[in-house]
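Student: Below are the sequence and a predicted model; questions follow.
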Amino acid sequence: MRITHSVDIPAPVERVWRVYTNVERWPLWMESMDHVDVMDGRALTLGSQVWIKQPRLPAATWEVTELDPGRSWTWIARSRGVTSTATHQLTAVDDVTTRVDTAIAFSGLTGALLGRMVSSRTREYLTLEAEGLRAACDFDAAS
């Protein structure tokens, strides 16, 4: 099962990337995050492990498996027969607008079942993530 969300943010790609990849600050502006910790440094790099705790979900460790700086990253979490793969992609619509496409896919022995069980919450959290990112980019521009 794969769930997607897209949003256009009135900010250049560079600003959106800077705000979005500062993942330890997510709980400050993203209602769907309780705690985020980059376990092996402060910046997202290929192989980074990031511990995330979200409301009403078990904590998970996500590993960055693909990284195209300034454009996209993919990270994967594994637990009890489920592999969760989340992608985050930024595309310049023009000089002052960025499209952010986010997707999460559930695979593995129990992935389809889990995906169905958490699909409405996942959609809600992807929407909250997009709204928070837009607000954080606005705040970053003002400061």
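Tutor: Noted; the coordinates are in hand.

Student: List the buried residues for the lowest-mean-pLDDT helix or strand in the chain?
Tutor: Least confident element among the helices and strands of the chain, by mean pLDDT, DSSP states H and E: helix 111-142 (a mean of 85). Within helix 111-142, the residues that count as buried by 16 or more other Cβ atoms under 10 Å are 111, 114-115, 118, 122, 125-126, 128-130, 132-134, 136-137. All C-beta atoms are positioned from the backbone trio N, CA, C, and that covers glycine.

Student: Ok, stretch 76-84 next?
Tutor: 76-77, 82, 84.

Student: contacting residues for Val118?
Tutor: Residues in contact with Val118 (Cβ atoms under 8 Å, 6 or more residues apart in numbering) are Leu57.

Student: residue contacts, the closest residue to Trp51 other than its chain neighbours?
Tutor: Distance criterion Cβ to Cβ, 6 or more residues apart in numbering; nearest residue to Trp51, sequence neighbours excluded, is Asp37 at 4.6 Å. Asp37 makes contact with 24, 50-52 under the criterion Cβ under 8 Å, 6+ apart.

Student: try Met33
Tutor: By Cβ under 8 Å, 6+ apart, the contact list for Met33 reads 26-27, 52-54.

Student: hmm, try it at 7 Å
Tutor: Contacts for Met33 were tallied using Cβ atoms under 7 Å, 6 or more residues apart in numbering; they are 26-27, 52, 54.

Student: Same list (the residues you listed) but as JSON lines, adding pLDDT, secondary structure and distance to Val93.
Tutor: Shown next, in JSON lines, are the contacts of Met33 (pLDDT from 0 to 100; DSSP: H, G, I helix; E, B strand; the rest coil; distance: Cβ to Cβ, whole Å):
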{"residue": "Trp26", "pLDDT": "95", "secondary structure": "helix", "distance to Val93": "23"}
{"residue": "Pro27", "pLDDT": "96", "secondary structure": "helix", "distance to Val93": "28"}
{"residue": "Ile52", "pLDDT": "97", "secondary structure": "strand", "distance to Val93": "28"}
{"residue": "Gln54", "pLDDT": "94", "secondary structure": "coil", "distance to Val93": "29"}
